[in-house]
Every structure is written in C-alpha cells, then in structure tokens.
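Enquirer: just need the structure, nothing else, for what follows:
(chains A and B)
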Amino acid sequence: MTKILNVRNLEKSYSSGAKKLTVLQDVSFDIEEKQTFSIVGPSGSGKTTLLGLCAGLDRPDSGSIELCGTELSSLSEDERAVLRNQKVGFVFQDFQLLSTLTALENVAVPLELQGAKNASKVARELLEKVGLGGRFDHYPSQLSGGEQQRVAVARAFSNKPSILFADEPTGNLDSETGEKVIDLLFELNREAGTTLVIVTHDLDLAKMTQRILRLKGGKIIQSHEQY
Amino acid sequence: MASLSWLMKMAWRDGKASSRKLVLFMASIVLGIAAVVSIQSFGENLKDNIAEQSKAMMGADFKIDLDEAPSEEILSVMDSLGGAQAREISFSSMAAFPGNPGTKLVQVRGIEGGFPFYGELETSPPQAAEEWRKEGAALLDATVMLQLGLKPGDQIKIGEVVLPIAGSLINVPGSNAFFSSIAPPVLIPYSFIEETGLIQTGSRINYDFYFIAPGADLDRLDRELDPQLDKYEADLDTHTSTSERLGRRYENFGKFLNLVAFVALLLGCVGIASAINIYIKGKLKAVAVLKCLGATKKQSFLIFLIQIAGMGLLGGIIGTIAGLLLQQLFPLLLQDLLPVDIQMSFSPQIIIMGLLLGILMSVLFALIPLIGTLYVSPLETLRVQKSSGKKKGKAELTVLAGIFLFILLFSYWLLKDWRYSFSFVFGIILTFSILAGIAKLFMKGIRENFPKTWGFPARQSLQNLFRPQNQTLTLVLAIGVGTFLISTLYFTKDILLDQASLDAQTDSPNMILLDVQAGQDENVSETIRASGNPVLDNIPIVTMRVQSIEGRTVNQIKEDSTSGINRWVLNHEFRVTYRDSLINSEVLTSGEWIPRVDDLNLIPISVSDNFAEDAQVSIGDRVSFNVQGVVMNTEVRSIRTVDWSRMQPNFSIVFPAGVLENAPQFRVITANVSNEESSAALQQELVRLFPNISIIDLRQVLRVVEDILNKIAWLINFMAFFSILTGIIVLLGAVRTSKFQRIKESVLLRTIGARSRQILKILALEYFYLGALGTLSGILLSLLSSQLLAWLLFETAFTPSVFPFLVLFPSITLLVMFIGLTNSISVIKSPPLEVLRKESY
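Expert: Model prediction:
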C-alpha cells in the first residue's frame, strides 16, 4: 500500500516565559492510503499539536512530515495552503463554519478556492447527502450543533480530499447527534476512499478505526492495528 | 486558483452578513466626505461665479480710479482710450431726512453716464432704476429705508442738497458688502455733487471713470497702462483683476473651512480605524478557517481589503451626494457676505475627489488592523495562537507613515503651501497626542488612586473603563476632538469680538467725527459738550504724500524693479497728525520720541513699525513729504508699534508739535456718548449744524462686525457640527461594538442578583466617565490652544468665556450618556438567557 502520511522523529515544544514545554518527542509513524486512523490520549498529551503538524498548519522544531508525497518542510505557508486545498479536508470540534456565509456557501468555499466552476452544484449534492437539502440558505447561527457539524463534514469532503483530519468531531455534540455525525463521516470516507485521521479521547470512536495511536506526555506509547 | 471575481464574491457575501456592524462606521466616512465635498464644491462654485459675474460686479469692463480730481495728463490718457463712458464721484457723508428724525452715515455715489453697463441696478419699485436720473432723485439703500421707515417720495438731505428718494436700492454694482453695512450707498445724479458743498479740503473723495471695451485684451491693458497711471496716483482695475482679487480673499476663508471639514473627515477616520480594528479582530477566526481550507495569505487579506474599499466607495458616493446637496445651504447661511449670487453646479473633479477620498481614507485607516490578517496562523482553528509581533510592527509603522504622508499631501492640495501643510499635520499629531495623553493620564490617575471605598456601582463602572478590548481611548479621542473644535471656535470668536469691542470706560471713544474743517472744530466740540457728553480728542490731520526716501524720488524708486519698497507707501495719501506725546495705542520700540521742534529744516518724525518695514526705513533715515505743494524734509527718529485693532484714530506717521500747525488741515474729533438715544440726538444736531462732517458711530460698526462674525461663526459651527456628529457616530459605533461584552457582564450581574437599577447605574456612570473625560480633555486643550492663539496671533489677553464649561461640558456628557443608555436598554428589559441568545450572533 502507498503511504499517504509519513512522520519521522517529530519534535515540538513551546516556550512559556523562560520555560520550554516539550509537547511532542520523537514521534514517528505512517498512515497508508484509505486507512482509518485515530490518535488518542489524555488532555495535554499532544494529540491536537500532532494533528496540526500533520496537516501542515504548523511547523515542527525537528523531524519530517511527508503528506501526499510532499515533504511539508520544503513548502512555504502559501504552498502548504494550496496543498491543503487540493488534498486535505478538516472537521473541527467547534465546527469552524464561516458565520457570515450560508450553509451552501460554506461547503462551496474549498471548491471555489480551486476555481471550480461547479462548486455550487457539488455543494448542493453534498448537503443533500448529509441530510440538509432544505437548509442551503441558512446561516450557521440558524442551525443546530449537529446540523452545523454535518455542514462541516460536507465541506470537508467537497474538494474530494485524499486525507481528512477530524479533531474531536463529536466533542461538542450530544451522544446521539455525535453518533450520526460519525456514521456520516465513515460512510463518506468509504464512498470517497479518503484516508481518515481522527483525534479523540473517545475510545469507542477510536475503536471504529483501523489503527490507533496512543499518545502520552508527547510520546507514542502504543500503536496498533485492529482488524 | 480562485480569481478576483471570487475574492469580490467572498467580500460581498461576508460584508452583506456583517452590514449591520458596518453601517455606522460607513456613516462616519459619509459625514466626513460630505463636509469636505460641500466646502470644496461651494468654494469652486463661488470662485467660478465671481469670475463669471465679474463684469456685473464692476458694472464695466474696466475703471480708472483716483482719490483726487484728475489731472490733465490723466484726462488725456483716458481720451486716448476713447474717453470714459461713465464717471462717478463718491464719498462718505452724513445724510438727514427732512420730516424724519433719523440720520445715517452713507456712501454718496454721484453717477453720470450709463453706469452700470453690466449687471443692473435693482430697485424697488423697479422703474425707479430708470427714472432717478431723469427726475433728479436719489436711490437709497433698501436696509436704511426699512430701518428709518422711509418710502419712495420722501426726501434725503446730503450736505446742502435736498433730493426726493425715487426708490430703495437693492443691488448696485461696485458696492462692497462689508462697507455697505457701515456706510450704505446712496445714488444721486452727478450734477448735484457740486451743490452738496461737501467737496472740501481733506474730504476723502474717490473719482471713478468707467469704460466698456468688449473683446479688449484687458490683461495687456492692465500691464501697459497701470504703470503709466501709477505716476499720476491713479489706478486701473479690470473686471477680471478685481474678481481675481476678490476670489483670493474668499479662497482664504474657504481654505480655513476646508481644514475644519478635513478635521471632521479625520475624526471619521479615527472611527473607521477603531471600528475596523474590532471588526477585523472578530474576523481573525474566519481568516484562520479560510487559510485552513486553502486560502493563501494574500487571498484572505484581499477579501477584507476589497470589502473595506467597497465600503469606502459606497461611503464616498453617499458622502459626495450629501455634500453636493448640502452646499446649497451655504448661500443661505452667508447671504449678506457673498459678493455674488451663487449658481450651484457640480464639478466632476470634486465628485472624483469625494469618491477617491472615500476609498483611500477607509483603506488607509483600515490597513493597520487588516495587516493582522496576514499574520493569522491557520492553527487558530485548533487553538488560540499568538501571532508574531515583530514583522507586524514594521508593517504597521509603514502604514502609519503612509497615513501621515497622505494627510500631508491632501492638506497641501487644500492649502497649496507646504509650510502650512506641515504645520497642519504637526498640529493634528500634536492635538491627537495631547488628547490621548490627557486621556491616558486620567486613566492612569484613576488606576493608581482607585477609589476603593466607593460603592459597588461606582467602582464597577470605573473598572469597566479598563476592560479588555475597551474603547475608552477611542471614545475619549472622538468626544475630545469634537469638543476641542467647538470650544476653540467659541474662544476664538470671543477673542475676535473682545478685540473689536469698545471699552465701557468713558475715556475710550465710541463716536468719531471725520472731515471737521479747521475753524469748525471749536463749535463742533461745544455742541458735543452741550449735549452732556465729553469730547475726548480733537486731532489735527494734514494730508501728504511721500516725495522721496533716502534721497531717491518716488518715481525713481518705482522704476527700480529691485526696490523692495512697498507700492502703497509710494502711492498713498497719508493722513498725518502732530502731537507732543504718545497715545495709549502706541508703544515706542526704538529711537527717541521728540515732542516739539522749532527748526523746520529737518523735522524728526515717528513712524509705525509697519510703515518702517514697508518703506524700508530705520532710525536716522530721511523721508521727504509733499505737503500739499510744500516739500518737508524729515528724519525718522522713532519707531512705534501701533495697536491698529483699537477703534480710534491711529497714525502711521506722527509729526512733532510746532511744525504743521499752520498747514491746511482738518480735524477728527472723538467723543464718548453715554447711550444710544443721546447718540442719535447728537448726530441729528451735528448733521443739522455741520452737514459736511461724517459721523462714525462705533456702536453701530461694532454691531455690524459682530453680525458678520456671528454669521461666519455660524458657518464654522456648522462645520464643527460635522465633527460632533461624526464623533457621535463613532461613539454609537464604539458603544455598539462593545455592547455584547457589556451585555454579558450585565447578564452575569443579573444572574447573581443585581437589580435593574443597579445595572442602569453602573452603565450610566460608565458613560458619564467617558463623556466627562472626553469633553473635559477637549475643553482643556482648547483653552491651551486659544491662549496660544491669543498670544501669538492676536497678541491680546484672553479671558475664556464660561460657555464651553457651562453648556458644552454638560450637554455633550449627557449626550454620551443618552446614546450609551438607549443602546443598552435591552439588557435591562429582557431576561438574562433571552438576551444572551439574541445577542450572541
């Protein structure tokens, strides 16, 4: 199988005043195409930092990350943005919809950024697929939390990403709504053949993925496959 | 990749949903631009109208004027021009009205020929304009007719002549609006002038000869003929040169108003900067999301830049339209001060200026917060991230330099003078810095001496001034600048009026009698004393002209193009007095005061500092005067500064006693008349007994000056009102921006049991502090600037009026409280949860 994400000897620390806080230490792993993958660990274990680095949202202190065959450290910020736009999808814990855009416009943005002509049509289809056919023109403030996350899922798949990163996708939802969103995420993942990387502290959710990476204190303490 | 059209679409989508947040801030741009456009456009229109109506203002193509009867040489020059088509003799005189107790100082204009050739005599009844000459009647200024209750058919007595009044004069070419308010015009046929008996020694008579020369090259005529006429103390004025001169005079006033309007615009920009700052801060999360989804730095920056520029353009369009409509009001405000009827038109240049200004100002002032979008990390979507300050700081400094450069260039465009532009920009920086300094100092003072013993509402409201993302400084600046402008204008008006006002003491004159002939003065003085009023001065006046300076004749100096001696010195007929002491408006600055001499060979004289400067003479220099045919050699022995603003006879040249006593002379008598009734009765008596003398009632003059200052002040206030209005809008915006924060705090207080009254008190006090701080800072700064103006510009003492303290301070503070509280009323009325739900988006 081809590796879509290859992480080697990753180190990341933050300074807090005179103190240096090491968040990630010697982290190495890889993810194969179309795999579902979860990163678990307690609060402060470095999960979100790792996700940000893998998605090219931040730069590591040392180590290398190869995403979709491209070494991230060789790219400028704008080049990484283009890579994200073409290959990566995101789902966030707090949805991160653009509050001034309607549901349809939110979903269309990644495609519009690519200059796609059919952005609106694709966005409509995706919204219908996530069950929000009648809510095209609703603003985020007019939608419930579950609906907002469904819009976010539709947006994440709109650019047909090779890899999708989800940061605690159910963290802000009640369990029933959370389950629905997860079902949707996995369903779309299967259909599109996207690699799915989920950061969560929900072990039940993690168990649904093919591989689990356990982090503690910035180090990998366990990495196993579950088939 | 995403195209420009997508960026514009995103800007529109986002702007549409945020329009409620932006509308107030756009309003401040609209007001600022409306102020600048209205003044600019009005100024252009005034200039154009003056140029267009220049012929009608003069009544002819050109005229030759002189202040003594024309010599043979001048008459032959005029003959070479084909002869004058009309002539006029004019002078000031008292007029009486048989059967009516009133008297009035008037400008008598004796006219012969078809004057005016352009424009028209506007009279009531209209036919009077045609008939007055044929019927040997007078046309009298309409205001005087109204004031004295005169009607056509009544009589007017000028000197020895009594004429019927044919009608009232509404408009006549060649009358100056300001001078007409002091000495209103009376038109009489030229043939009656001699009969008045008022053409006597010392009388100030003007002789005008009007010409029509359609199609002539007037500039060439001016260039060629004026130097020739100069030799004979005559002057050539073409309708174009006169209108240009007039245009320039109004232009200066326009420039001043432009600056006031520009300040309103800048104030709007402070609002824009602060609003966009808050607005963009609220957008940073969205920028991070966009970057996460693949938008580049440039794209996310451009989306908001386009949005702001679009907002500026819209503000520019609305502001320009409002400005163009607003300028229609100015002629109404300035009716009596304008020399022409204004026909308004719209200049494309000004429309383009308004639109460009809208875009430029909003973009420039939004750039600093906008730069922030460049440094937002997409990681913000996952966690709160601090952006790097170093690069941002450099970019901000560059933008700040750009802002000041723009202000400098724009003020240069308005003022056409680098020195003034630099001073203006420096003044603005200084004003804003001082205001910000005062505000910061106050805040620091409050922080350091926090009143811990005060009750909870008072303490809480003070604390609110320091909450994160507070708008305290912006609000204090906005309120402060507006108050500063208004109160400085008031103080300046006070200074001007104070300078012009008459002292209440009995030793300063309030009535000046001119053209008193030698021999008449004793009788005139006696008449004044008999009315129970004191005569203050009986000043002898001898007219003379400069013959030579330091051995060079006037003609030699005139021919020397390198001579720096001012022309007026060479052409002017000086009214000179002689006395043995200085008077209270004079201070000796150099040399020695010589009270009296017996030797007439080289007479020691005293000159005013402005004469010394213009004539380029200093102590010991020699000046010869032609005193009605007799040459007198003098030596400058002292130089005086003269307070010309004092309403009393002041002199450039003073001879010592013992020299001019026997020269042909006339007298100026000054008196202090106790009240208006006494003044009216005395004037009637004097006019009856001595018809040749002119009486200037300083009370009346002062009223005219006050009236004019009031009108100008009205216009200035009108412009300053823009600043206040913009300030209010900035205030409204700032209040609304921080509203959600305030609401959250209030809801929290309510949840833990605070009563509506307590919350209201906290909010009211917070707005009171803001209003009081801003207003007080503005007034204090204006006190300082007015004091400086009084010292440096007006050179007078300054006693501030209490108006800004008694009226501006409470009213602006209350306004701030009113705006703040009306915008927070929903917090108090609704249940906590409902408020939070409603206000969170």
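Enquirer: pLDDT wise, what is B:E522 at?
Expert: Confidence per residue is given as pLDDT, and for B:E522 that number is 89.
Enquirer: what of A:V91?
Expert: The per-residue pLDDT reported for A:V91 equals 91.
Enquirer: contact partners for A:A156?
Expert: Listed by C-beta atoms under 8 Å, 6 or more residues apart in numbering or on different chains, the contact set of A:A156 reads A:G89, A:F90, A:V91, A:L164, A:A166. The C-beta positions use only the backbone N, C-alpha and C, and glycine is treated the same way.
Enquirer: any chance of those in CSV, plus secondary structure, distance to chain B and neighbour count?
Expert: Shown next, in CSV, are these (DSSP: H, G, I helix; E, B strand; the rest coil; distance: C-beta to the nearest C-beta, whole Å; neighbours: other C-beta atoms under 10 Å in any protein chain shown):
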residue, secondary structure, distance to chain B, neighbour count
A:G89, strand, 9, 29
A:F90, strand, 6, 25
A:V91, strand, 11, 23
A:L164, strand, 13, 25
A:A166, strand, 12, 27
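Enquirer: turn the residues you listed into CSV, columns for distance to B:V77.
Expert: Conversion of the contacts of A:A156 to CSV gives the following (distance: C-beta to C-beta, whole Å):
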residue, distance to B:V77
A:G89, 95
A:F90, 93
A:V91, 97
A:L164, 99
A:A166, 100
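Enquirer: what is the nearest of those residues to A:L111?
Expert: For A:L111, the nearest member of the contacts of A:A156 is A:G89. The distance, counting by C-beta to C-beta, is 11.7 Å.
Enquirer: check contacts around the closest one.
Expert: A:P110, A:R155, A:A156, A:F157, A:S158, A:N159, A:P161, A:I163, A:L164, A:F165, A:T194.
Enquirer: where does the fifth one fall, phi/psi-wise?
Expert: Read that as A:S158. Here the main-chain torsion angles of A:S158 (degrees, to the nearest 10) amount to phi -60, psi -30.
Enquirer: residues touching the residue of chain A found nearest chain B, list them.
Expert: Of chain A, the residue with the smallest distance to chain B, taken as C-beta to the nearest C-beta, is A:N85 at 2.2 Å. Contact partners of A:N85, counting by C-beta under 8 Å, 6+ apart, are A:P110, A:L113, A:Q114, A:N159, B:L293, B:G294, B:A295.
Enquirer: closest to B:Q616 out of the residues you listed?
Expert: Checking those one by one against B:Q616 (C-beta to C-beta), the nearest turns out to be B:A295, at 71.4 Å.
Enquirer: could you pick out the residues of chain A near chain B for me?
Expert: A:48, A:51-52, A:55, A:57-58, A:77-78, A:81-82, A:84-86, A:88, A:90, A:92, A:96-101, A:105, A:109-110, A:112-115, A:139, A:141, A:155, A:159, A:167 (C-beta under 8 Å from any C-beta of the partner chain).
Enquirer: from those, which ones fall inside strands?
Expert: Applying DSSP state E to these, the entries found in strands are A:V88, A:F90, A:D167.
Enquirer: the last one against B:R383, yeah?
Expert: Okay, so that is A:D167. No - counting by C-beta atoms under 8 Å, B:R383 is not a contact partner of A:D167; they are 9.8 Å apart.
Enquirer: burial count for residue 21?
Expert: Chain wasn't specified; assuming chain A. A:L21: 12 surrounding residues under other C-beta atoms under 10 Å in any protein chain shown.
Enquirer: hmm, no, I was thinking of chain B.
Expert: Look at B:K21: counted by other C-beta under 10 Å, it has 16 neighbours.
Enquirer: part of a helix, is it?
Expert: Yes - under DSSP: H, G, I helix; E, B strand; the rest coil, B:K21 falls within a helix.
Enquirer: confidence score at it?
Expert: Checking the pLDDT column for B:K21, the value is 73.
Enquirer: repeat that for B:L497.
Expert: Per-residue confidence (pLDDT) for B:L497: 64.
Enquirer: I'd like the average pLDDT over the helix or strand hosting B:L290.
Expert: Assigned by DSSP states H and E, B:L290 falls within helix B:239-292. For helix B:239-292, the mean pLDDT works out to 77.
Enquirer: what's the answer for stretch B:436-447, then?
Expert: Across stretch B:436-447, the average pLDDT comes to 82.
Enquirer: just the helices in chain A please.
Expert: Assignment of helices within chain A using DSSP state H yields the ranges A:47-54, A:77-87, A:103-114, A:119-129, A:145-158, A:175-192, A:203-207.
Enquirer: tell me which residues in the fifth one are buried?
Expert: Which is helix A:145-158. With burial defined by 16 or more other C-beta atoms under 10 Å in any protein chain shown, the residues of helix A:145-158 counted as buried are A:146-158.
Enquirer: and for the last one?
Expert: For helix A:203-207, the buried set under the neighbour-count rule, 16+ other C-beta under 10 Å, comprises A:L205, A:A206.
Enquirer: just give me the neighbour total for B:F805.
Expert: For B:F805, the tally of surrounding residues (other C-beta under 10 Å) stands at 15.
Enquirer: got it, and B:L588?
Expert: Neighbour count for B:L588, taken as other C-beta under 10 Å: 13.
Enquirer: what does B:I39 give?
Expert: The local packing count at B:I39 equals 29, with neighbours defined by other C-beta under 10 Å.
Enquirer: just B:A264 next, same as before
Expert: By other C-beta under 10 Å, the residues close to B:A264 number 30.
Enquirer: repeat that for B:Q155.
Expert: Neighbouring residues of B:Q155 were enumerated by other C-beta under 10 Å; the total is 16.
Enquirer: could you check how far the closest residue in space to it that isn't next to it in sequence is from B:M632?
Expert: Leaving out its chain neighbours, the residue that sits closest to B:Q155 by C-beta to C-beta, 6 or more residues apart in numbering or on different chains is B:P98, at 4.7 Å. Shown here: B:P98 relative to B:M632, a distance of 45 Å by C-beta to C-beta, to the nearest Å.
Enquirer: neighbour count for the two, which is higher?
Expert: The neighbour comparison of B:P98 against B:M632 (other C-beta under 10 Å) goes to B:M632, with 22 against 9.
Enquirer: show me what contacts that one?
Expert: Contacts of B:M632 (C-beta under 8 Å, 6+ apart): B:M544, B:L600, B:I603, B:S624, B:F625, B:V659.
Enquirer: correct me if wrong, but it is in a strand.
Expert: Yes - residue state for B:M632 (three-state DSSP) corresponds to a strand.
Enquirer: that one pairs with what?
Expert: Legend: beta-bridge partners of B:M632 under DSSP bridges are B:F625.
Enquirer: do A:K3 as well
Expert: When bridges are taken as DSSP bridges, the partners of A:K3 come out as A:E32.
Enquirer: in this structure it contacts A:K34, no?
Expert: No - counting by C-beta under 8 Å, A:K34 is not a contact partner of A:K3; they are 11.5 Å apart.
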